[in-house]
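[1] 3D model of this:
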Amino acid sequence: MWMRLVLKIYNALWYLALPGVMFFLWLKGRRLAVYRKRWRERFGLERTNHEVDVWIHAVSLGEVVAATSMIQSCLEKGYRVLVTTMTPTGSEHVQRLWGEKVTHQYCPYDFSFAIQRFLSDRKPKILIIFETELWPGILSVCHAKNIPILLVNARISDRSYPRYLRTRALWKYLFGFFKGIYVQSELDQKRFLSLGAHLNILHLAGNLKFNHTPLPDKIQQWQRFLKRHSKKRLLVFGSTHPGEEALCIEAFHRLSKEFDNVMAIIAPRHPERFDAVFKLLKAQSPGARVERYSNVSLEQDIDILLVDAMGELSSLYSIAYCAFVGGSLVPIGGHNILEPIAYQVPVLAGPYMQNQKDLVRILTLHQAMIVVQSGQDLAEKMAGILRNTNERQQIIENGKAMMKQYQNCLSICMKGVNEELN
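    Below is the predicted model:
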């Protein structure tokens, strides 16, 4: 009974925070124009009368990438799919990949009125949440309406776990609303158990990122780029953050002194940084041919390419000779290190991979990745791959074997989805 009171207080706090939420959107809109658009969706005010079968919530770009194989499987089953995100980058990626094949909108904020209006409009038959995007309002309203809830690719990071423990009673209550929780690792399973989740709803499924879904159109586009630069070995630095681009370009300049047939392709994580990164690349590379992807033509000779468009990185990895995945040389926590491996590309990452801890454990165990400690170490390890084709091929073979071993996650999760819908 008292937990219901807690949820009522939580809902009341959202109403008190409404001016702050509006100010937050206004502030974000000043820095990034897309935040000034589609406000009605965020407050459940958009009426479409378009019902769906499956509601998949993937908060941002990383979760959308992880959800790709499940979204595709749901479409192949004939389910009407709605994908919600919270960020413009996630939204753009969904629309770029599927267009009108899926329904997309921003997820409403956790106001009870917004959620009620949203659900009465869309009428989903099941809610699938990716990773740990847990909003008490959404969970309680869906449970009250008898909408089955699944948590997929579930994980609890080292950083978040102490916060969850401090509010264990709340999470124990909310986990009772779930029909299934599909965790990435044994450590995640233990953490959910310690927070009060029942063993009978916990499934050790693994990571859906092992089930990579390639995008043929995008790959063909990058293959044309590779054909034009066939004499070059392309070094991709993906999902980079502030502080990493300088280290990556310094590593590239070290490599270019030994190898005259290399090109650097840098894809920053956030679009609002494209201009600043381009200026940095130009400043650090006097005499080099630095171009932006948005302006480049196939005829141009390039030394350094800045990818200033979202949704390109996954397919870009398909043409890489080797790849560095960012958010890992600075204390961010890392990003998807499986995407390059899915394209049989050796992958390197820095020491700050706490958000990918179980993946790093698996990849290290299979000798399918290289961990570097600094920008200088990155240059040295990449040089080793460039010099030694046998070493490169061995890393690729290790990655292929590892991917094959862990690709049963999708079938485990889809079994749970199908059981709830049939």
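
[2] how about the strands in the stretch 51-200 of the chain?
    Secondary structure of the stretch 51-200 of the chain (DSSP state E, counting those that start in this stretch): strands at 54-57, 81-85, 103-106, 126-130, 149-154, 180-183.

[3] residue 289: how many residues sit nearby?
    Burial measure for residue 289: 12 neighbouring residues, criterion other C-beta atoms under 10 Å. (Glycine included, C-beta is placed from N, CA and C.)

[4] which residues sit in contact with the residue lying closest to it once chain neighbours are set aside?
    With sequence-adjacent residues excluded and distances taken as C-beta to C-beta, 6 or more residues apart in numbering, residue 289 is closest to residue 303, at 4.6 Å. Contact analysis of residue 303 by C-beta atoms under 8 Å, 6 or more residues apart in numbering lists 256, 263-264, 285, 288-290.

[5] make a PyMOL selection of the buried ones in those.
    Those of those that count as buried under 16 or more other C-beta atoms under 10 Å are selected in PyMOL with:
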select buried, resi 256+263+264+285+288+290
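
[6] residue 342 contacts residue 406, correct?
    No - under the contact definition of C-beta atoms under 8 Å, residue 342 does not touch residue 406, with a separation of 11.5 Å.

[7] higher neighbour count, these two?
    Per other C-beta under 10 Å, whichever of residue 342 and residue 406 has more neighbours is residue 342, with 21 against 16.

[8] this structure - how does it break down into domains?
    As assigned by automatic domain parsing, the chain contains the domains 32-211+408-421, 216-405.

[9] distance to residue 26 and mean pLDDT added to those, as a markdown table?
    Shown next, in a markdown table, are the domains of the chain (distance: least, C-beta to C-beta, whole Å; pLDDT from 0 to 100):
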| stretch | distance to residue 26 | mean pLDDT |
| --- | --- | --- |
| domain 32-211+408-421 | 8 | 92 |
| domain 216-405 | 16 | 93 |
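
[10] in CSV: those domains, plus distance to residue 8.
    Shown next, in CSV, are the domains of the chain (distance: least, C-beta to C-beta, whole Å):
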stretch, distance to residue 8
domain 32-211+408-421, 9
domain 216-405, 33
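
[11] to residue 20, which of those domains lies closest?
    Minimum separation from residue 20 across these (C-beta to C-beta) falls at domain 32-211+408-421, 11.2 Å.

[12] centre-most residue in the chain?
    The chain has residue 62 as the residue nearest its centroid, 0.9 Å off, counting by C-alpha atoms, centre = their mean.

[13] ok, it - contacts?
    Shown in contact with residue 62 (C-beta under 8 Å, 6+ apart): 335-336.

[14] related to what we said a few turns ago, just the contacts of residue 303 now: which is nearest residue 375?
    Using C-beta to C-beta, the contacts of residue 303 come closest to residue 375 at residue 264, 13.0 Å.

[15] from residue 216, how far out is the residue nearest to the centre of the chain?
    22 Å (C-beta to C-beta, to the nearest Å).

[16] also residue 161?
    40 Å.

[17] okay, helices next: where are they in the stretch 101-250 of the chain?
    112-122, 136-144, 161-166, 168-175, 186-194, 216-228, 244-258 (DSSP state H, counting those that start in this stretch).

[18] closest one to residue 374 among the ones you listed?
    Comparing those by C-beta to C-beta, helix 244-258 comes nearest, at 7.4 Å.

[19] so what touches that closest one?
    235, 237, 240, 262, 264, 266, 268, 277, 280-281, 284-285, 303-304, 324, 326-327, 329-330, 374-376, 378-379, 382-383, 386.

[20] hang on, the earlier thing: TSV for the strands of the stretch 51-200 of the chain, including mean neighbour count and distance to residue 19?
    Formatted as TSV, the strands of the stretch 51-200 of the chain follow (neighbours: other C-beta atoms under 10 Å; distance: least, C-beta to C-beta, whole Å):
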stretch	mean neighbour count	distance to residue 19
strand 54-57	25	26
strand 81-85	25	24
strand 103-106	20	20
strand 126-130	25	28
strand 149-154	26	30
strand 180-183	24	35
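
[21] can you lay out the ones you listed as a markdown table showing distance to residue 416?
    Below are the strands of the stretch 51-200 of the chain laid out as a markdown table (distance: least, C-beta to C-beta, whole Å):
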| stretch | distance to residue 416 |
| --- | --- |
| strand 54-57 | 12 |
| strand 81-85 | 16 |
| strand 103-106 | 22 |
| strand 126-130 | 9 |
| strand 149-154 | 6 |
| strand 180-183 | 5 |
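
[22] do you know which of the ones you listed lies nearest residue 3?
    Nearest of the strands of the stretch 51-200 of the chain (C-beta to C-beta): strand 149-154, 16.9 Å.

[23] which phi and psi does the residue nearest to residue 333 when sequence neighbours are not counted have?
    Excluding its sequence neighbours, the residue lying closest to residue 333 (C-beta to C-beta, 6+ apart) is residue 355, at 3.4 Å. The phi and psi torsions at residue 355 (degrees, to the nearest 10) take the values phi -80, psi -10.

[24] now do residue 355 against residue 349, distance only.
    Distance from residue 355 to residue 349, by C-beta to C-beta: 11 Å.

[25] overlap in contacts, these two.
    With C-beta under 8 Å, 6+ apart, residue 355 and residue 349 have common neighbours residue 334.

[26] between the two, tell me which one has more neighbours.
    More crowded of residue 355 and residue 349, by other C-beta under 10 Å: residue 349, with 27 against 21.

[27] what bridges to that one?
    With DSSP bridges as the criterion, residue 349 is bridged to residue 325, residue 371.

[28] list the contacts for it?
    By C-beta under 8 Å, 6+ apart, the contact set of residue 349 is 324-325, 328, 334, 337, 356, 360, 369-372.

[29] TSV please, covering the residues you listed and showing neighbour count.
    Shown next, in TSV, are the contacts of residue 349 (neighbours: other C-beta atoms under 10 Å):
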residue	neighbour count
324	31
325	28
328	28
334	22
337	24
356	26
360	19
369	24
370	21
371	15
372	21
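
[30] what number of residues lie near residue 414?
    Residue 414 has 17 nearby residues by other C-beta under 10 Å.
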